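Engineer: The following block contains a protein sequence and its predicted model.
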Protein chains: 4
Amino acid sequence: MIDLTLEAARAIVGTALETARARGLKPLAVVVYDARGALKSVAVEDGTSLRRAEIAMGKANGALALGLGSRAIHARAEVQPYFVAAVSHVAGPAALVPVAGGVLIRSAEGRLLGAVGISGDTSDNDEICAVAGIEAAGLAAETGA
Amino acid sequence: MIDLTLEAARAIVGTALETARARGLKPLAVVVYDARGALKSVAVEDGTSLRRAEIAMGKANGALALGLGSRAIHARAEVQPYFVAAVSHVAGPAALVPVAGGVLIRSAEGRLLGAVGISGDTSDNDEICAVAGIEAAGLAAETGA
Amino acid sequence: MIDLTLEAARAIVGTALETARARGLKPLAVVVYDARGALKSVAVEDGTSLRRAEIAMGKANGALALGLGSRAIHARAEVQPYFVAAVSHVAGPAALVPVAGGVLIRSAEGRLLGAVGISGDTSDNDEICAVAGIEAAGLAAETGA
Amino acid sequence: MIDLTLEAARAIVGTALETARARGLKPLAVVVYDARGALKSVAVEDGTSLRRAEIAMGKANGALALGLGSRAIHARAEVQPYFVAAVSHVAGPAALVPVAGGVLIRSAEGRLLGAVGISGDTSDNDEICAVAGIEAAGLAAETGA
């Protein structure tokens, strides 16, 4: 795969949400971007707060901006909060949210295809659902761990 | 229905895209917001340009901002471009795109449930797909015509 | 070519500037983006005004946002200025400048590789230099004519 | 030299990238501004993440905004993060990124000519390449150390 297809993006969202329901997590927002930072697929479950999708977007968009899973951006924010705050100004309108749950999507050969962002439960649980979705689509997940 | 469910939003997206494929339209971006202006579902077909999803968002978000289908906002832009330009500054980050294809979603009883935005083909064709999606979900479409 | 390389981007810039000097044009700003909307190469000649590079960026970025050479965006701005004004709000920080001189770069097979934006002389002359650069690199130029 | 020429800016970029390749660093984005804060030259190597050029711009633009190499801005961010956060709002669209790698360019006589920003490897390595580029062009580098 050279470009992330809508079919693959939907498969990622589908498994991410199935994973959330199987685990009894809170309602999630799931977003998938391609490598250009263009949205491919979004699903927001019933009962989420008003800007939950935008938080998920900030996780995924930040991961693409820096080329790092958002767990790694979180780690940098802990030691250099001013750096992460500054980069949020250059991350574009979709912003940058520096906690786990923004996961890079790579092909089996390692080519960057896009990113998934999930928000709604704990960051760790959000990330578990993102990884499950990516792997179920036969792709490789990079969390930044 | 009091609030637009993810299930209904997905049904709208699904029929909108089936309609586009049956008509041989260009690849579309389809977005669905609930009545709060919170994203519920997005699907962006393969082959769209870089900011097609954002244009679809601007149609739907503008419709919610003014309580008018974007075809009516288009008509107003033709006679009062300064009004529409000014309102775009208060429409929030999702902006306002004043051409057809941003369609309000109402329940059978007339309650506002959200809006659909579509971009990719002509504005008229974008709107046809939005209406098809809304009606297939058993809901009422308000285009601003 | 799947992704625009720095080598190709520099070749485009080099020929664009040679073309400008051979024709005795005013000093130019030349920018090249890849298909993600990420900058690859910029050169700004001596004597340009303060924000000439940003105007070139707006031409190229707008072309990528809409998937149209900026000459076509110019034509739409003539008939629907409010549409183009609105889309500039969703085109991202690099903005959208709706006049000729923002030219899409395609591979010989038609795959979108990026865009060139040039500003400094007349829009027609800016576009001539962009096309010369793209074609000298063995790629195809889409001006929106 | 009174104003930074494109020729000098390109020489700086060229040596910066040669230095990076000789040291086996990660792919870099290199940007050069003149003293007005106008872009002169940009080169972004293949394989960088989506917003790497913007981070480099934020380093150089911030250095010009405050008249300090970005290493000094970093030091201030460690003790007064609120000051640096506030100044980022007045630094203009190119923002301010407060880590090393934004280096002021001065003539031999000390006249401010512009700034280089580099991002892609560690901040220390980014700065080494910026200094190498500036010095190879016969100019003086001010890192903020």
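Structural biologist: Yep, it's here.
Engineer: Helices along chain A, start to end?
Structural biologist: For chain A, the helices defined by DSSP state H cover A:6-22, A:52-66, A:70-79, A:81-90, A:123-136.
Engineer: how much does the fourth one deviate in direction from helix D:123-136?
Structural biologist: I take that to be helix A:81-90. Counting by axes from the mean of the first three to the mean of the last three CA atoms, to 10 degrees, helix A:81-90 lies at 70 degrees to helix D:123-136.
Engineer: and what of the third one?
Structural biologist: If you take the same axes, to 10 degrees, helix A:70-79 sits at 80 degrees to helix D:123-136.
Engineer: Equivalent analysis for the last one, please.
Structural biologist: Helix A:123-136 and helix D:123-136 meet at an angle of 70 degrees, taking the same axes, to 10 degrees as the criterion.
Engineer: residues making contact with helix A:123-136?
Structural biologist: Applying CB atoms under 8 Å, 6 or more residues apart in numbering or on different chains, the set of residues contacting helix A:123-136 from outside is A:11-17, A:19-20, A:23, A:25, A:28, A:30, A:56, A:59, A:71, A:74, A:99-103, A:105, A:116-120, A:140-141, A:143. For every residue, glycine as well, the C-beta is placed using N, CA and C.
Engineer: low-scoring stretches of chain A, by residue?
Structural biologist: Applying pLDDT under 70 to chain A flags no residue at all.
Engineer: which parts of it sit against chain B?
Structural biologist: Along chain A, the residues adjacent to chain B under the rule CB under 8 Å from any CB of the partner chain are A:3, A:5-6, A:10, A:29, A:31, A:36, A:38-46, A:48, A:50-53, A:93.
Engineer: restrict the residues you listed to contacts with chain C.
Structural biologist: Restricting those to those near chain C - CB under 8 Å from any CB - leaves A:36, A:93.
Engineer: Among the residues of chain A next to chain B, which ones are in strands?
Structural biologist: Counting by DSSP state E, these place A:29, A:31, A:39-44 in strands.
Engineer: Mind listing the strands the strand ranked longest in chain A pairs with, and their directions?
Structural biologist: Counting by DSSP E, the longest strand found in chain A is strand A:112-119. Sheet pairing for strand A:112-119, assigned by DSSP bridges, gives strand A:29-34 (antiparallel), strand A:102-106 (antiparallel).
Engineer: I'd like to check what contacts the first one. Which residues are they?
Structural biologist: Strand A:29-34 is touched from outside by A:3-4, A:9, A:12-13, A:16-17, A:39-45, A:48, A:52-53, A:55-57, A:60-61, A:64, A:105, A:113-120, A:129-130, A:133, B:39, B:42, with contacts defined as CB under 8 Å, 6+ apart.
Engineer: Let me see the contact set for the residue most central in space within chain A.
Structural biologist: Centroid-nearest residue in chain A, with CA atoms, centre = their mean: A:Gly117, separated by 2.0 Å. For A:Gly117, the contacting residues are A:30-33, A:55-61, A:63, A:70, A:97, A:101-103, A:130, by CB under 8 Å, 6+ apart.
Engineer: about what we covered before: next, the angle from the longest strand of chain A to helix A:52-66.
Structural biologist: Using the same axes, to 10 degrees: strand A:112-119 against helix A:52-66 is 150 degrees.
Engineer: What count of nearby residues applies to whichever residue of chain A sits closest to chain B?
Structural biologist: Closest contact between chain A and chain B, by CB to the nearest CB, is at A:Val42 (3.5 Å). Residues lying near A:Val42 (other CB atoms under 10 Å in any protein chain shown) number 27.
Engineer: That one - nearest residue in space that isn't next to it in sequence?
Structural biologist: B:Val42 (3.5 Å; CB to CB, 6 or more residues apart in numbering or on different chains).
Engineer: okay but that neighbour is in contact with A:Ala38, surely?
Structural biologist: No - applying CB atoms under 8 Å as the test, B:Val42 and A:Ala38 come out as separate, 10.9 Å apart.
Engineer: shared neighbours of those two, anything?
Structural biologist: In contact with both B:Val42 and A:Ala38: B:Ala53, using CB under 8 Å, 6+ apart.
Engineer: Spatially nearest residue to A:Ala85 (excluding sequence neighbours)?
Structural biologist: D:Ala85 (5.8 Å).
Engineer: hang on, the earlier thing: check contacts around the residue nearest to A:Val42.
Structural biologist: A:31, A:39, A:41-43, B:13, B:29-32, B:53.
Engineer: which phi and psi does the residue of chain A found nearest chain D have?
Structural biologist: Nearest residue of chain A to chain D, counting by CB to the nearest CB: A:Gly67, 2.8 Å away. Note on A:Gly67: its backbone torsions stand at phi 70, psi 30 [degrees, to the nearest 10].
Engineer: is it true that it touches D:Leu50?
Structural biologist: Yes - look at A:Gly67 against D:Leu50 with CB under 8 Å: they come within range, at 7.4 Å.
Engineer: Looking at those two, which one has more neighbours?
Structural biologist: D:Leu50 (24 against 21).
Engineer: if I look at the more buried one, how far off is A:Leu4?
Structural biologist: 14 Å (CB to CB, to the nearest Å).
Engineer: list residues touching both of the two?
Structural biologist: A:Ala35.
Engineer: How many neighbouring residues does the spatially closest residue to A:Leu104 that is not a sequence neighbour have?
Structural biologist: Leaving aside its sequence neighbours, A:Leu104 sits nearest to A:Glu142 (CB to CB, 6+ apart; 4.0 Å). Burial of A:Glu142 is recorded as 20 neighbouring residues (other CB under 10 Å).
Engineer: I'd like to know how far A:Glu142 sits from chain C.
Structural biologist: Distance, A:Glu142 to chain C, by CB to the nearest CB, to the nearest Å: 18 Å.
Engineer: Repeat that for A:Val131.
Structural biologist: Counting by CB to the nearest CB, the gap from A:Val131 to chain C is 24 Å.
Engineer: What is the neighbour count of that residue?
Structural biologist: Neighbours around A:Val131, by other CB under 10 Å: 22.
Engineer: Kindly report the same for A:Ala95.
Structural biologist: Neighbours of A:Ala95 using other CB under 10 Å come to 17.
Engineer: Quick one: distance of stretch A:68-86 to the chain centre.
Structural biologist: 15 Å (CA atoms, centre = their mean, to the nearest Å).
Engineer: For that stretch, measure first residue to last.
Structural biologist: 16 Å (CA to CA, to the nearest Å).
Engineer: hmm, who's touching that stretch?
Structural biologist: By CB under 8 Å, 6+ apart, stretch A:68-86 touches A:59-60, A:62-63, A:66, A:96-104, A:117, A:123, A:127, A:142-145, D:49, D:58, D:62, D:77-78, D:81, D:84-85, D:88, D:95-99.
Engineer: Give the ChimeraX command for selecting the buried subset of these.
Structural biologist: The buried residues among those can be selected in ChimeraX (16 or more other CB atoms under 10 Å in any protein chain shown) with this line:
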select /A:59,60,62,63,66,96,97,98,99,100,101,102,103,104,117,123,127,142,143,144 /D:49,58,62,77,84,85,88,95,96,97,98,99
